[in-house]
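Q: generate coordinates for the sequence data below:
(2 chains)
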Amino acid sequence: MKALRNFLDKVKPNFEEGGKLSAFRSVFDGFETFLFVPNTVSKNGTHIHDTIDSKRVMSIVVIALIPALLFGMYNVGYQNYLAAGTLEQASFLEVFIFGFLAVLPKIIVSYVVGLGIEFTVAQWKKEEIQEGFLVSGMLIPLIVPVECPLWVIAVATAFAVIFAKEIFGGTGYNIFNVALITRAFLFFAYPTKMSGDQVWVAKDSIFGLGNDLPEGFSGATTLGQLSTGSPVVDLANNGVELKDMIIGLLPGSIGETSVIAILIGAVILLWTGVANWRTMASVFVGGALTAMLFNAIGSTTNQVWNLDWMQHLAVGGFCFGAVFMATDPVTSPRTDCGKYIFGFLIGVVAIVIRCMNPGYPEGMMLAILLMNVFAALIDYCFVQHNINKRLKRINNR
Amino acid sequence: MSETIKIKKGLDINLKGKANEVYGKAQLPELFSVRPDDFHGIKPKTVVKEGDQVKVGSVLFYDKNNPDVKVCSPVSGEVVAVNRGERRKVLDISIKSDGAFTSEAFTKGKPKEMKADEVKSLLSNAGFLAFLKQRPYDVVANPNDKPKAIFISGFDTAPLAPNYDFIMVGREEEFQLGIDALSAITGVQINIGINIDQASKLYKKAKGVQLYEFEGPHPAGNVGVQIHHVDPINKGDIVWTINPQDVAMIGKAFMTGSIDYSRSVVLAGSCVKTPAYFKTVYGAAISSMIANNIEGDNVRYISGNPLTGTQISANGYLGAFDAQITVIPEGDKNNEFLGWIMPRLNKFSVNHSYFSWLFGSSKEYDVDTNVNGGERAFIMSGEYDKVFPMDIYPEFLVKAIIAQDIDKMEQLGIYEVAPEDFALCEFVCTSKIETQRIVREGLDFLRKELA
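A: Below is the predicted model of the structure:
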């Protein structure tokens, strides 16, 4: 480590103002602070500081995403082999490596594009690189369908990082969740790459692994099929059961399908306190109550209404959104009470969109983005309540 | 006594290097220094110059805005330097002690039997009024104001803080006379916050005071927190605060007829070989206390506690409002490899992504001055709320201060807070935001705008 430190110290002057490589100062600084904790000491205020920092927080979220990522990779392979009917012959490793090779380019594209913009902006603003995109960059590949082309992901990531984050001032100032803006951009600008029944299963073999599927092959998500009226979720017969939804070997966005994998992530986030349990729990409560309501009313034409509340929570992107997206501290309310309302309404709106809007089979993304808008308003109400209490104290003298 | 007030939010930081309850032996130093900056909020007008002979209680400088607020020499001897900085601002006044501690005259007597004006002018001339602070703004009190109450925190919950039960032993009579004097000049209720875990015999014996018992972690000992829970400050209110040792200091002058600025301090921290208490005088050089008593060569000396204290050098001096000298390691040469992802079992964190919360509260930590990360915008929410036991939204208040939005600051309760109340927020902050500096600047800004 000493040698590495000495090497960094030796090359450092090149990257400072006026040095040969000063155009890469932010990049060097980013790597240096990742390798070694900066030796800055407190100059004023408290002389001691907690060991936590934003690098730690962001890496915990990335770690929490790993189970969903790994399962997603396996599921990509599983869906391909299943569709081709060769699942029986394929080994676990083959299936996983195929999925790994299908997903890896998306992760790389998302990070290269996003971090590239972050590095450039940091260099331009002469600031330290902020870690926020470490999480967004991992979320983006997990919330797109496997057949979404790389160039589309690149365009959407660039759009989201620039217009949803950097123009607001960077990490900590954004109003909307960056990863969800990426997805929303894809959803509305390239709907054919994001929805329908053509995008959810990988169709091409990679390096001899996997199978080439016929051009017209279709495999829709459970919610997609339900919204077109096909009763795939049949409690009595052999349709998709709750068990399948929880295990998650179903077509869907890469990371969203397995409740178990997401649950492992949720445990990590809650154990470390990085995600707020208030938001997370309220999303589930809101979603469950709304689902019960629709289920009680029932519908003969819309199959989504007939899902019971557990199926609603387990299917599609509900869990993933509740655990990883709704809990983003920057775009949710800052007050504890506000988080209950925020989370609850996300759950409600997500199920309402699912049930009442035939255009969008999945409502989680729009629900969270909608509530991101209201986060500040929710905070305003609680802060104003505190202010009024203080005013009342004066008037009661 | 009223019921116990339970403080639930907060944090006790268990640091290595706690002092045993014994007094160490150290001669009083030759050099003393008084820094006008310690007396925040006053505009100093210096009345001594190099070479002047002074006694204990001779005026060094007074406040231009309130000439009754005088700051006096803690020692008898010769003024050796008046050090000035930019725009001739007085940085400090150094005095070489003659070792005799000859005092200016003070009228012995019972403040209860004296007239208010007489007591006030005695306190003013002896420099005692400068030790009264006021809220709002956390500045030296204006003696012409009429406060609604006086608050004294009878204990200190900060890391490595002195035990007031120990340092106040045997000072009952002095303390009572001090209380009488404060009561005589203001005529308002004097409230003392005491700790449920301490005997607080001295406070319980005191007459003419109202006691409030507190239970809970730091910052339960912060006087601002106590005020908030007993009788919160509204816009327009003024509350005075003073340290228990300074009350006894005032009382002692009435008892003996001479001015004596001596006080007990604790020398603590993981870099101190034998942490102990010392009897010294405000403004005294710390050199005699730390001689042969420090481990390591890259250390930080702090006058005060590690959360709110002032950094001083090894040749530095005890601050006017401090009863603690802390010595902890500097963290500027750590070169910690990949620290942000390591388990860091020996480091303290309130965050559960580290494991210190599993080791219980009895494990002591050796914390250095490293910031442990870069400054960021606010990211995590709710961190401040967990260590801020007032009905105030600390993060929103800090944001209002950054925006210099006076109305919002008032509405969110800035009159109730002092920078020290935000010390724990700054400690736990993931984004490493300098909240104490922001709050200090906010209070100064508000005071200037509303003056």
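Q: from here on, contacts and neighbour counts on C-alpha atoms
A: Will do.
Q: how about the residue most central in space within chain A, what does it touch?
A: Most central in chain A under CA atoms, centre = their mean is residue A:139, positioned 3.9 Å from the mean C-alpha point. By CA atoms under 8 Å, 6 or more residues apart in numbering or on different chains, the contact set of residue A:139 is A:65, A:179.
Q: what's the average pLDDT for the one helix or strand it maps to?
A: For residue A:139, the element it lies in under DSSP states H and E is helix A:132-142. What helix A:132-142 shows for mean pLDDT is 92.
Q: and that helix, how far out from the chain middle?
A: Centroid separation between helix A:132-142 and its chain, computed with CA atoms, centre = their mean, to the nearest Å, is 7 Å.
Q: look up how far residue A:252 lies from the residue in the stretch 51-200 of chain A that chain B sits nearest to.
A: Closest residue of the stretch 51-200 of chain A to chain B, CA to the nearest CA: residue A:53 (4.6 Å). Noted for residue A:53: a distance of 34 Å to residue A:252, by CA to CA, to the nearest Å.
Q: nearest to chain B: which residue in the stretch 201-350 of chain A?
A: Closest to chain B within the stretch 201-350 of chain A is residue A:272: 4.3 Å, counting by CA to the nearest CA.
Q: pretty sure that residue sits against residue B:355.
A: No: counting by CA atoms under 8 Å, residue A:272 sits too far from residue B:355 to count as a contact (9.4 Å).
Q: and residue B:236, how many neighbours?
A: Residue B:236: 8 surrounding residues under other CA atoms under 10 Å in any protein chain shown.
Q: err, residue A:137, not the other one
A: Counted with other CA under 10 Å, residue A:137 comes out at 25.
Q: residue contacts, it?
A: A:107, A:110, A:111, A:114, A:179.
Q: cool, and residue A:335?
A: Residue A:335 neighbours (CA under 8 Å, 6+ apart): A:379, A:382, B:381, B:382.
Q: what about the third one, is that helix, strand or coil?
A: Three-state call for residue B:381 (DSSP: H, G, I helix; E, B strand; the rest coil): coil.
Q: where are the low-confidence patches of the stretch 201-350 of chain A?
A: A:229-239 (pLDDT under 70).
Q: all strands of it, in order?
A: With DSSP state E, counting those that start in this stretch, there are no strands along the stretch 201-350 of chain A.
Q: get me the contact residues on it for chain B.
A: Contact residues, the stretch 201-350 of chain A versus chain B (CA under 8 Å from any CA of the partner chain): A:271, A:272, A:273, A:274, A:329, A:330, A:334, A:335, A:336.
Q: any idea how far the fifth one is from residue A:357?
A: What it means is residue A:329. 29 Å.
Q: who has more neighbours out of those two?
A: residue A:329 (21 against 13).
Q: my read: that one touches residue B:379, true?
A: Yes: counting by CA under 8 Å, residue A:329 touches residue B:379, with 6.3 Å between them.
Q: if we can go back for a sec, can I get the helix holding residue A:139 in CSV? Just the C-alpha atoms.
A: Taking Å, rounded to 0.1, in the frame of the first residue of the first chain, the C-alpha atoms of helix A:132-142 are listed here in CSV:
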residue,chain,number,x,y,z
GLY,A,132,-24.5,9.4,-6.3
PHE,A,133,-24.2,7.8,-9.7
LEU,A,134,-22.6,4.7,-8.3
VAL,A,135,-26.1,3.7,-7.3
SER,A,136,-28.0,5.1,-10.3
GLY,A,137,-25.6,3.4,-12.6
MET,A,138,-26.3,0.0,-11.0
LEU,A,139,-30.1,0.6,-10.9
ILE,A,140,-30.4,1.5,-14.6
PRO,A,141,-29.5,-1.9,-16.0
LEU,A,142,-31.7,-3.6,-13.5
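Q: what residue ranges in chain B score low on pLDDT?
A: Checking chain B against pLDDT under 70 turns up B:1-2.
Q: can you pull out the helices in it?
A: Listed in chain order, the helices of chain B (DSSP state H) span B:116-125, B:164-167, B:172-186, B:201-205, B:223-230, B:244-256, B:287-290, B:394-402, B:406-411, B:423-428, B:435-450.
Q: can you list the residues of the stretch 51-200 of chain A near chain B?
A: So the stretch 51-200 of chain A meets chain B at A:51-56, A:59-60, A:128, A:130, A:171-173 (CA under 8 Å from any CA).
Q: which one (most neighbours) among those?
A: residue A:52 (27 neighbours).
Q: highest average neighbour count across the helices of chain B?
A: The highest mean neighbour count among the helices of chain B, using mean count of other CA atoms under 10 Å in any protein chain shown, belongs to helix B:423-428: a mean of 27.
Q: and that helix, is it in reach of chain A?
A: Yes: Helix B:423-428 reaches chain A (CA under 8 Å from any CA) through B:423, B:426, B:427, B:428.
Q: may I see the residues you listed organised as CSV, with distance to residue B:398 added?
A: Shown next, in CSV, are the residues of helix B:423-428 next to chain A (distance: CA to CA, whole Å):
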residue, distance to residue B:398
B:423, 13
B:426, 11
B:427, 15
B:428, 15
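Q: how far does stretch A:168-175 sit from the chain's center?
A: That offset, for stretch A:168-175, works out to 17 Å (CA atoms, centre = their mean).
Q: circling back to that earlier point, PyMOL command to pick out the buried ones of the residues of the stretch 201-350 of chain A next to chain B?
A: To isolate the buried ones among these in PyMOL, judged by 16 or more other CA atoms under 10 Å in any protein chain shown, type:
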select buried, chain A and resi 272+273+274+329+330+334+335+336
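Q: returning to what we had before: can you pull the contacts of the nearest residue in space to the residue of the stretch 51-200 of chain A closest to chain B that is not next to it in sequence?
A: Excluding the flanking residues, the one nearest residue A:53 by CA to CA, 6 or more residues apart in numbering or on different chains is residue B:430, at 4.6 Å. For residue B:430, the contacting residues are A:50, A:52, A:53, A:54, B:379, B:380, by CA under 8 Å, 6+ apart.
Q: and if we set it to 10 Å?
A: Residues counted as contacts of residue B:430 (CA atoms under 10 Å, 6 or more residues apart in numbering or on different chains) are A:49-57, B:351, B:372-381, B:383.
Q: now stretch A:172-192: buried residues?
A: Going by neighbour count (16+ other CA under 10 Å), the buried part of stretch A:172-192 is A:172-187.
Q: and the closest residue to residue A:128 other than its chain neighbours, its phi and psi?
A: Computed as CA to CA, 6+ apart, the closest residue to residue A:128 that is not its neighbour in sequence is residue A:122, at 6.0 Å. Torsion angles at residue A:122 (phi, psi; degrees, to the nearest 10) stand at phi -60, psi -40.
Q: run a quick neighbour tally on residue A:122.
A: 20.
Q: tell me if I'm right that residue B:27 and residue B:281 touch.
A: No: under the criterion of CA atoms under 10 Å, residue B:27 is not in contact with residue B:281, lying 11.2 Å apart.
Q: so these two - more neighbours on which side?
A: When neighbours are counted by other CA under 10 Å, residue B:281 comes out ahead of the other of residue B:27 and residue B:281, with 23 against 12.
Q: chain neighbours aside, what residue packs nearest to that one?
A: residue B:262 (4.0 Å).
Q: what's the neighbour count on that neighbour?
A: Neighbours of residue B:262 (other CA under 10 Å): 17.
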